[in-house]
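dropping a prediction and its sequence here:
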Amino acid sequence: MGLSEHDKIRELLALAAAGALTSAEEKQVAEHLRSCIACSNELGAWHPITSELRRLPTPQPSLWLVQATLARAQAKLIEQAEHDWNRRVMICVVAFAWLLTIANWLVFHFVSERFGSLLEPQFGHTWISFAGFTTLGWLAGGVAAVMLAVRQRGERRLA
Amino acid sequence: MSRFTKELRVIPNAAWIVAWLVYLCMTVPLFLFVAPTDAEMSKWPRWAQALLIYGFLLVEVAWVALIGYIYGDAKRRQMRYVLWTLLAIFIPNAIGIILYLILRDPLPKPCPGCGHVEKAKFPFCPHCGTLLHPACPKCGKALEPTWANCAFCGQQLPETSMRATQNPSVAM
Amino acid sequence: MAVDADVVRLRRGDLNALSELISRHQNRLYRYLLRMVRQPAEADDLFQQTWLRVVEKIHSFDESRNFDAWLFTLARNLAIDHLRRIRPESLDEPLADGRHSETVAERIPSKDQTPLDHALAAERRTEIVEAMSGLPMMYREVLTLRFEEEMRIEEIAQVTAVPLSTAKARLRRSLEQLRDALEAR
């Protein structure tokens, strides 16, 4: 069955000492305390603990810790900003690269239409020469990338 | 000054001069001579021709500026700037530029001992010998100052003065 | 909720804002971590990790929210992960103490027996800190949040991610267990 009024209030006494009751609960407790000496005493007995809990000395972080933390956190902030910036630059340059590819196509088209007759007949096929040009570019880039990356891996050792 | 304007200043003035000169040399003859006589383009209104020619060739300005940036940037990072600039020019469609951005060295910081600026990857300053960046004695990879063991090869690191003075209670 | 100017500046990458934020919160954060893990060396390490996490996640932090609560939640998660790795047994929530059957008379401290009445305030505080460190982590946490951080019980429930009734029950039980520990000395 349910607890008696007295038992219910007893459960709330610790929380009352901690100041963690709702105003409705506080009223309930105050009501009960007016008639119950035992509970008043118990509430009083909490006081030494809770008041000292509120006044515990604050352990402080050492100056070294704060400075080291600040240095590392700032370094991280800078590194993140760098990373963000580099990512944005890369996106723009890749878009630019595609723009150049399209531009090359237009230039090829323009030039071959007007001056294709001056060249050998087999170069009259614009798209072949364009495709060849583009593929050559990407291939050269790929080969250079691999070579440089391999060299970079070797050079990453500092000492 | 925003990051963008800071980076723009890396581009040498010569690059800008070349960029705009070439721009003028290409756009003006095209607009004045080629456009009116061309079979297709002469049918367009003059402003459309102008827009196409002057707008389209701005791409050239951007490209030359980027090459200039690579020249200046590779130089300040103590890289082989002539080689990289040539790579960026001759690998078409800006792929050389992309390659450079991926593979470039980090920015070197001035030595705290003598202020001289050397390559970012040197662990010691070649002028005054100050330790620039701690490196593992066994595998040579870059270390963090607070490590007790190398994270790459496991080598136990000597108790350097940097670590000991950092936390007095630990040194006890 | 007023938007914290330093937080806004930090999101834009202002290094000084970071310095301000750390110095404003350093004592409270360190105290909380120390109460949670009890070892100063571990608290030091978690202190650094918390701030690094703040920098990492500041962009996903909604500026209109309470920075304090968020900071403490980050710290809490790191502390719990740490304890889970190092001392998993310390995370177990203790069962209810089942002392409801005791009569009130047994609880009234008598002037002769209880050390509480005799100890000087400072000594008492040392005893309290020692007794607290003997409590399970969940109890230490709710005690420090209520009495040292002076968070309201609703905020405590939010930071510890439990319903309000659970937070209240934990607070009550933690106080009772603390009292028992002090009386047993």
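That came through, no problem. Numbers count the residues shown, from 1 in each chain, chains lettered A, B, ... in the order given.

can you point out the buried residues in the longest helix anywhere in chain B?
Secondary structure of chain B per DSSP state H: the longest helix is helix B:58-76. Buried residues in helix B:58-76, counted by 16 or more other C-beta atoms under 10 Å in any protein chain shown: B:60-75. Yep, even glycine has a C-beta here, placed from its N, CA and C like the rest.

same deal with stretch C:126-145?
Neighbour-count burial for stretch C:126-145 [16+ other C-beta under 10 Å]: C:127-128, C:131-132, C:135-145.

please apply the same query to stretch C:30-48.
Neighbour counts using 16+ other C-beta under 10 Å place C:30-38, C:40, C:42-48 of stretch C:30-48 among the buried residues.

leaving out chain neighbours, which residue sits closest to the most centrally placed residue in chain B?
Centroid-nearest residue in chain B: B:D73, 3.8 Å away (criterion: C-alpha atoms, centre = their mean). Using C-beta to C-beta, 6 or more residues apart in numbering or on different chains and skipping the chain neighbours, the partner closest in space to B:D73 is B:V10 (5.2 Å).

helices or strands up against the biggest helix by length in chain A?
What stands out as the longest helix in chain A, according to DSSP H, is helix A:63-115. If you count contacts as 3 or more C-beta pairs under 8 Å, 6 or more residues apart in numbering or on different chains; DSSP states H and E, helix A:63-115 packs onto helix A:126-155, helix B:58-76, helix B:95-103, helix C:15-37, helix C:40-57.

what angle sits between it and helix B:58-76?
140 degrees (axes from the mean of the first three to the mean of the last three C-alpha atoms, to 10 degrees).

off-centre distance for stretch C:161-171?
14 Å (C-alpha atoms, centre = their mean, to the nearest Å).

in it, which residues are buried?
C:162, C:167-171.

same check, this time on stretch A:131-147
By neighbour count with 16+ other C-beta under 10 Å, stretch A:131-147 contains the buried residues A:133-134, A:137, A:140-141, A:144-145.

tell me where the chain is predicted with low confidence.
I went with chain A, as the question did not name one. By pLDDT under 70, the low-scoring segments of chain A are A:1-3, A:115-126, A:152, A:154-159.

not quite, I wanted chain C
C:1-3, C:92-120.

the same query, at a cut-off of 80, please.
Flagging of chain C using pLDDT under 80 yields the residue ranges C:1-3, C:87-124, C:185.

residues from it in reach of chain B?
By C-beta under 8 Å from any C-beta of the partner chain, the residues of chain C that approach chain B are C:40-41, C:44.

buried sites along stretch A:77-93?
For stretch A:77-93, by 16+ other C-beta under 10 Å, it's A:77, A:93.

which residues sit against it?
B:3, B:66, B:94, B:97-98, B:101-102, C:10, C:13, C:15, C:18, C:55-56 (C-beta atoms under 8 Å, 6 or more residues apart in numbering or on different chains).

any chance of the helices and strands packed on helix A:63-115 in TSV, with distance to B:C150 too?
Formatted as TSV, those follow (distance: least, C-beta to C-beta, whole Å):
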stretch	distance to B:C150
helix A:126-155	18
helix B:58-76	31
helix B:95-103	25
helix C:15-37	27
helix C:40-57	19
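
picking that back up, among the buried residues of stretch C:30-48, which are in reach of chain A?
C:30-31, C:34, C:40, C:44, C:47-48.

what parts of chain B come near chain A?
B:3, B:38, B:56, B:59, B:62-63, B:66, B:87, B:90-99, B:101-103, B:121-123, B:133, B:135-137, B:139-142, B:166-169.

buried ones among the residues you listed?
Buried among the residues of chain B next to chain A by 16+ other C-beta under 10 Å: B:38, B:62-63, B:66, B:87, B:91-99, B:101, B:103, B:121-122, B:135-136, B:139-142, B:166-167.

how much space between the spatially most central residue of chain C and chain B?
Nearest to the centroid of the C-alpha atoms of chain C, with distances taken as C-alpha atoms, centre = their mean, sits C:E141, at 3.3 Å. C:E141 is 25 Å from chain B, where distance means C-beta to the nearest C-beta, to the nearest Å.

so what's that residue up against?
Here C:E141 is in contact with C:35-36, C:76, C:160 (C-beta under 8 Å, 6+ apart).

give me the nearest residue to A:L33, chain neighbours excluded.
A:S40 (5.1 Å).

in what helix or strand does the one you found lie?
Using DSSP states H and E, A:S40 sits in helix A:37-54.

what ranges do the helices span in chain C?
Using DSSP H, helices in chain C cover C:5-11, C:15-37, C:40-57, C:67-86, C:104-107, C:115-118, C:121-133, C:137-143, C:153-160, C:164-183.
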